[in-house]
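Novice: this one's structure only:
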């Protein structure tokens with residue numbers, strides 16, 4: 001998802017999305033270990049989305 005889409009979300013929505021992505025990342029890592037991961041780029045993309053959300057949450061925190 002693009003950063004501008006995350007910027008439109010509230011802090012509570014961002015926190016929920018962050019929790020979902022962290023669970024998804026855990027599942028992807030589990031699949032990678034058992035060699036059942038179909039898309040190897042999915043781990044990197046999920047990590048980038050987590051970083052985007054954390055960055056936006058930090059920016060909002062600094063504004064307040």
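Specialist: Sure thing, it's come through. Just so you know, these numbers come straight off a predicted model, no measurement behind them. Numbering: from 1, shown residues only.

Novice: How many residues are close by residue 49?
Specialist: 20 (other Cβ atoms under 10 Å). Where you see a C-beta, it was placed from the backbone N, CA and C, and this is true even at glycine.

Novice: Just the buried positions in the host helix or strand of it, please.
Specialist: If you go by DSSP states H and E, residue 49 is part of helix 41-63. Under the neighbour-count criterion of 16 or more other Cβ atoms under 10 Å, helix 41-63 has 42-43, 46, 49-50, 52-53, 56-57 buried.

Novice: So which bits of stretch 24-39 are buried?
Specialist: 25, 28, 37.

Novice: How about residues contacting it?
Specialist: Residues outside stretch 24-39 that contact it (Cβ atoms under 8 Å, 6 or more residues apart in numbering): 40, 42-43, 46-47, 50.

Novice: ok, now which ones touch the most centrally placed residue in the chain?
Specialist: Geometric centre of the chain, nearest residue: residue 50, 2.8 Å, by Cα atoms, centre = their mean. Neighbouring residues of residue 50 by Cβ under 8 Å, 6+ apart: 18, 21-22, 25.
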